[in-house]
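Asker: Prediction below, plus the sequence it came from.
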Amino acid sequence: MEAAVPEPSLSLGAVALVVLVIYLLVLLSLGVIGYLRSRNTEEDFYLAGRGQGMLVTVMTIMATFFSSAAILGIPGQVYKEGTAFMLFAMNLPCAGACIYLLGSKIRRIGRRRSYVTQGDMISEYYGDSPVLRLLVALIGFLYVLPYVIMQIKAGGYLAQVMFPETRPLTFLGRTYGAFELGASALSLVTMVYVLIGGMRSVAWTDVLQGFLLILGMVLASFATIKSLGGFGGFFEKVRDLPPEALALPGPSGIFGPWKLMTICLFASVGSLVQPAQWIRLYAARDDQTLKRSALIFSIVLPACFLFGIMIVALGGRVLYPPLVETAADGGVSVLAHPYIGETDQVVIVMVKDQLPAILGSLGVVLVAVILIAVLAASMSTADSNLHALSAVFTRDVYDRLLRPKSSERERAWVGRIAIVTATLLALWLVNQGHHNEEFKPLKLIADLMFAAIAFSTQLLPATIDMLFIRKGTKAGVMSGMVAGIFVVFLSTPFIPDGVKSALGPVFHFAKTGFTYLDLGCAGFLVNVVVFAAVSVFTPKLDSARVQSLAKDMR
Amino acid sequence: MTPPPPESPPSQARFRHLGWWLLGLFLLAVIMGPGPGILLVNPDPADPEALRFVFGIPLIYAWTVFWFGVEAVSVALAYFLIWRKEPATAD
């Protein structure tokens, strides 16, 4: 895929470079300070000593949620689908409430039993099965890798916009332009501060990145409204949108109420039970911290979307109307305006065009700050996911299956090697996708996000059972997870067409589910049915152990 | 700091009762906002006379903001009236 970024209307030049260098230096400094304040233990590297206070907890949870998907992918969907996709913001209070409702029990038992990963808790609850632990780790990887990939990809997009004059470099017979250099820089800097400081560095940088994000969203919204003539002028221009952009199911006909409602209920909680957020629940200092975090998250994050970044996307739709194409079979596809390039880039183009026009040279500085905020969104999610991936690999795979007697020092090194390997693999995949139009799995950030969350949602039945119901069995939970993962995989390009057609009515049923429901919800429903059915016919868990674990959750 | 005394049983029952009401209100917001409730106001794209704006704001956007407000108020009330008053657990 060759560069789809529009011709630059303004060069940010030295301003962007200076702001970027300052930002990266501050991040690296926080990484070093995190290292100096850390103790050389596994628990400290992964959970910062389980002592994170309210500010750090809420900002690191929010910054991990605020990925490039939030700043680029979600506005891209609003640009495509109009006001229908604004309802997506209502998933955030659901996630916020669950920070306390699920998080408090997870935190308590995590502290009392020294858990670090999801696998620690789930596998102990269901009878310490290595297969179950591997299954949970697999779901973690299926979430983390796409998420890291989309963050790195966003770094490439940003570099193309911030430094369009970058001369390509040739290295080992291959040419590297602004995209490749930006993606590489984002990955390598993130990798370095995660490697040296662990959770403490990740969380501290998340605080800075979280503030930058909120500032960037507010500034971008202000610029959009101002450039379209204030609130009155903005909404007057929105009146010119076509009727289908002002109603459900949106121009492409995808987002009906059942789909949006199940996204709000399942994608939200699915995002909260992903490995990096689960680790943040363990790391919180006390219940009070999680209660306050839940309140702030539920109000601040959706407000940033509804009154910030989604307004920018709607303005982008007014200024650069997308192209709607109807295929012979009646299917509708919505393509970005040629000036925008790809729908994911609407915020970047809007900010870069509108701010300097209304604020002059101050606007140029603010553009740089907002673009750095987009970079912060990517880095804050990439760092959390790389860190979580390291924990999952070290605790759930290496320590339990490969070398059970490994020392803490050895595991620390293995964790760091896992971070380096995952970063390089994700970077390679991003570059492959950038140069190969047929590499469809990496096409759009929003698509990657929904698939990753759908995988993570398959941990939800086990989570709800452990925390509240306590009727499931080991065979039941494993069967449910396998069924749920399989259903989600059916929606991805990774399953060959031959397999899909061989599945016949099963695939047709799943495809119908994907049309009307959130992908994660479709997998969840199958997961729950299989989980419950198998649990009825398989041996129950030891009730004394379950009681003991339940006591540690209270 | 001295931990607050545990709530008396009638007070805990009142919290539970209030908690169910707030959960109901929250779920109502999810059903009415992004869920099927929106069909009550969703304008028909084919109907040129359909109401698409209220007070100059796109109807779907105004609907989203309103039900987000209901969600936010539910969580805020849960925090101030229930969660904050729960006795602290010993780690």
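Answerer: Looks like it came in fine. Note that the structure is a prediction, hence the values are computed from the model and not measured.

Asker: Nearest residue to A:Val536 in space, ignoring adjacent ones along the chain?
Answerer: A:Gly476 (8.0 Å; C-beta to C-beta, 6 or more residues apart in numbering or on different chains). Heads up, the C-betas are built off the backbone N, CA and C, glycines and all.

Asker: So for the one helix or strand the one you found maps to, mean pLDDT?
Answerer: Per DSSP states H and E: A:Gly476 is located in helix A:474-490. For helix A:474-490, the mean per-residue pLDDT is 93.

Asker: Same question for it: list its buried residues.
Answerer: A:474-481, A:483-490 (16 or more other C-beta atoms under 10 Å in any protein chain shown).

Asker: Which other helices and strands does it contact?
Answerer: Taking 3 or more C-beta pairs under 8 Å, 6 or more residues apart in numbering or on different chains; DSSP states H and E as contact, the helices and strands that helix A:474-490 lies on are helix A:130-162, helix A:445-457, helix A:460-464, helix A:505-516, helix A:519-537.

Asker: Excluding sequence neighbours, find me the nearest residue to A:Asp465.
Answerer: Excluding the flanking residues, the one nearest A:Asp465 by C-beta to C-beta, 6+ apart is A:Gly472, at 4.1 Å.

Asker: typo on my end, it should be B:Gly33
Answerer: Nearest non-adjacent residue to B:Gly33, counting by C-beta to C-beta, 6+ apart: B:Trp67, 3.2 Å away.

Asker: The one you found reaches B:Gly35, doesn't it?
Answerer: No. The pair B:Trp67 / B:Gly35 is not scored as a contact, 9.4 Å apart, by C-beta atoms under 8 Å.

Asker: those helices in chain B, which residues are they?
Answerer: B:9-32, B:59-77 (DSSP state H).

Asker: Let me know which of these is tucked in deepest.
Answerer: Highest mean neighbour count among the helices of chain B (mean count of other C-beta atoms under 10 Å in any protein chain shown): helix B:59-77, with a mean of 20.

Asker: Quick one: work out the angle between that one and helix B:9-32.
Answerer: For helix B:59-77 against helix B:9-32, the angle by axes from the mean of the first three to the mean of the last three C-alpha atoms, to 10 degrees is 170 degrees.

Asker: pLDDT wise, what is whichever residue of the stretch 301-450 of chain A sits closest to chain B at?
Answerer: The stretch 301-450 of chain A approaches chain B most closely through A:Pro302 (5.5 Å), counting by C-beta to the nearest C-beta. In the predicted model, A:Pro302 carries a pLDDT score of 95.

Asker: Please apply the same query to B:Ser11.
Answerer: pLDDT, read off for B:Ser11, is 68.

Asker: repeat for A:Pro441
Answerer: At A:Pro441, pLDDT is 48.

Asker: ditto for the one 4 residues further on
Answerer: pLDDT, the model's per-residue confidence, is 59 for A:Ile445.

Asker: mind showing which ranges of chain A have poor pLDDT?
Answerer: A:1-13, A:436-447 (pLDDT under 70).

Asker: Try it again at 50.
Answerer: A:1-9, A:441-442 (pLDDT under 50).

Asker: same check, this time on chain B
Answerer: Counting by pLDDT under 50, chain B contains no low-confidence range.

Asker: Relative to chain A, how far out is the residue nearest the centre of it?
Answerer: Centroid check for chain B by C-alpha atoms, centre = their mean gives B:Glu71 as the closest residue, at 2.7 Å. When C-beta to the nearest C-beta, to the nearest Å is applied, the distance between B:Glu71 and chain A equals 4 Å.

Asker: Just to check, A:Val318 is in contact with A:Ala245?
Answerer: No. Contact status for A:Val318 versus A:Ala245: not in contact, 9.7 Å apart, counting by C-beta under 8 Å.

Asker: Compare those two and say which is more crowded by neighbours.
Answerer: The neighbour count for A:Val318 versus A:Ala245, taken as other C-beta atoms under 10 Å in any protein chain shown, is higher for A:Ala245 (29 against 18).

Asker: count of neighbours near the residue nearest to the more buried one when sequence neighbours are not counted?
Answerer: Spatial nearest neighbour of A:Ala245, excluding adjacent residues (C-beta to C-beta, 6+ apart): A:Gly82 at 3.0 Å. Using other C-beta under 10 Å, A:Gly82 has 29 other residues around it.

Asker: At which residues are the strands of chain A located?
Answerer: Per DSSP state E, chain A carries strands over the ranges A:169-171, A:174-176, A:323-326, A:332-335.

Asker: Show me what the second one pairs with in its sheet, parallel or antiparallel.
Answerer: In this case it means strand A:174-176. Its sheet considered, strand A:174-176 pairs with strand A:169-171 (antiparallel) by DSSP bridges.

Asker: Can you name the residue of the stretch 401-550 of chain A nearest chain B?
Answerer: A:Asp518 (10.6 Å).

Asker: Quick check: that residue touching A:Ala454?
Answerer: Yes. Counting by C-beta under 8 Å, A:Ala454 is a contact partner of A:Asp518 at 7.5 Å.

Asker: Excluding chain neighbours, what is closest to residue 84?
Answerer: Answering for chain A, as no chain was given. Nearest non-adjacent residue to A:Ala84, counting by C-beta to C-beta, 6+ apart: A:Gly250, 3.9 Å away.

Asker: Actually, chain B is the one I wanted.
Answerer: A:Lys291 (6.7 Å).

Asker: same thing with A:Tyr115?
Answerer: A:Met121 (5.0 Å).

Asker: shouldn't the one you found be in contact with A:Ile106?
Answerer: Yes. Contact status for A:Met121 versus A:Ile106: in contact at 7.0 Å, counting by C-beta under 8 Å.
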